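Asks: below are the sequence and a predicted model; questions follow.
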Amino acid sequence: MNATAVAVVLSLLSAVAYASAAVTQERLAARSRDERHLRGLLGARVWWGAVALNAGGALLHVAALRFGPLTLVQPLGALTLVAAVPLGARLAGRRVGRLEWRGVALTLAGLGALTFAASGPAPEDALSLGEALGVAGVTVLLLGLLAWPGARPGLRHATASGIASGVASALTQTVTVAATATAAGLLSTRVAVVALLVAGFASAGLLLAQTAYRHGLGAPLALLTLANPVAASAIGIALLGEGFRGGTPGLALALALAGAVVAARGVLVLSRASAGLRDTGPGASRVVVSGGTVPRPGPRNGPSSAADAPPPLTPAP
């Protein structure tokens, strides 16, 4: 088996691990949507299971980067979306709707077109320490603009999570290449500093994703799946020499832009599907009636007291 095939197999296994973690995180987020949500996760065993799955996916991803270029390995992470959407629906006891499948298909088609335009050599180059610190500074600024404290959980957090994870992947390639280049590479200052940056951005991506999943699973996962390879490929093209495919930058750029539009459409479709599930699923809290709305009765068979009973309906004027 050649290096490219090994990279593909490892990337597929990584996508499955990430998908399982995403479904677990979304189910945890669905239980609590208040501001104390993240504080209570540290005591939940399920949360640490999701962390372990993410760590396993990350290790498989690191191994894949050692055998294949960033612009090959990173787009394969889109298969996380293919695995996570049906898995999440199965655990919720429902079928995947046609609108969800349409959103997944559009997102994957757009992502495929977006990343097909980019190609690169085997991962032989690495960022210098100055370049890595510069990338980290720009990334921190972007994360602050997208997900400042108090911002409403949603797609902005998903975008920030994808950017953080993509940057962590690009920096991971630097760590793996620099650490194995020479016998003393593992002990170099550059490897130590960049490894700390990888840990920081990977942790930020995990927590930002957990916040984003309070908005549902499909649309946030699609958006962070899209933002992740875009951020990593931008670093690969700008700093690691992973240029455009075919030698025609104009055509490649047009293909990339078309892919971005199609993928964005897919995210919007998944967002509509998620909104429909929240409005009609078990979590819907109000029922529309003639003349107004009233609270939906709780899960009990009937009200246990007068305070639990729904208010009387009055005729509409």
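Replies: Cool, got the structure.

Asks: average pLDDT for stretch 83-102?
Replies: The average pLDDT within stretch 83-102 is 85.

Asks: got the CA positions of that stretch in CSV?
Replies: Extracted C-alpha coordinates of stretch 83-102, given in CSV (Å, rounded to 0.1, in the frame of the first residue of the first chain):
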residue,chain,number,x,y,z
ALA,A,83,-21.3,9.8,9.0
ALA,A,84,-22.6,12.1,11.7
VAL,A,85,-25.9,13.1,10.2
PRO,A,86,-27.4,9.6,9.8
LEU,A,87,-25.8,8.5,13.1
GLY,A,88,-27.4,11.4,15.0
ALA,A,89,-30.8,10.7,13.4
ARG,A,90,-30.6,7.1,14.3
LEU,A,91,-29.8,7.8,18.0
ALA,A,92,-32.7,10.3,18.0
GLY,A,93,-35.0,7.6,16.7
ARG,A,94,-35.9,9.2,13.4
ARG,A,95,-34.9,9.0,9.7
VAL,A,96,-32.8,11.5,7.9
GLY,A,97,-35.0,13.8,6.0
ARG,A,98,-34.7,14.7,2.3
LEU,A,99,-33.8,18.3,3.2
GLU,A,100,-30.9,17.0,5.4
TRP,A,101,-29.6,14.7,2.7
ARG,A,102,-29.9,17.6,0.2
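
Asks: so how far is it off the chain centroid?
Replies: 17 Å (Cα atoms, centre = their mean, to the nearest Å).

Asks: got a list of contacts for it?
Replies: Stretch 83-102 is contacted from outside by 15-16, 18-20, 22-23, 26-27, 104, 217-218, 221, 266, 269-270, 272-273, 276-277, using Cβ atoms under 8 Å, 6 or more residues apart in numbering. Where you see a C-beta, it was placed from the backbone N, CA and C, and this is true even at glycine.

Asks: name the residues of that stretch that are buried.
Replies: Residues 83-89, 92, 96, 99-100, 102 are the ones in stretch 83-102 that count as buried (16 or more other Cβ atoms under 10 Å).

Asks: same list (those residues) but as TSV, adding secondary structure and distance to residue 196.
Replies: Below are those laid out as TSV (DSSP: H, G, I helix; E, B strand; the rest coil; distance: Cβ to Cβ, whole Å):
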residue	secondary structure	distance to residue 196
83	helix	31
84	helix	29
85	helix	34
86	helix	37
87	helix	33
88	helix	33
89	helix	38
92	coil	38
96	coil	40
99	helix	42
100	helix	39
102	helix	42
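
Asks: PyMOL command for the buried members of the contacts of stretch 83-102?
Replies: Applying 16+ other Cβ under 10 Å to the contacts of stretch 83-102 leaves a buried subset, and the PyMOL line that selects it is:
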select buried, resi 15+16+18+19+20+22+23+26+27+104+217+218+221+266+269+270+272+273+277
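
Asks: could you tell me which of the contacts of stretch 83-102 are located in helices?
Replies: Secondary structure from DSSP state H places 15-16, 18-20, 22-23, 26-27, 104, 218, 221, 266, 269-270, 272-273, 276-277 of these in helices.
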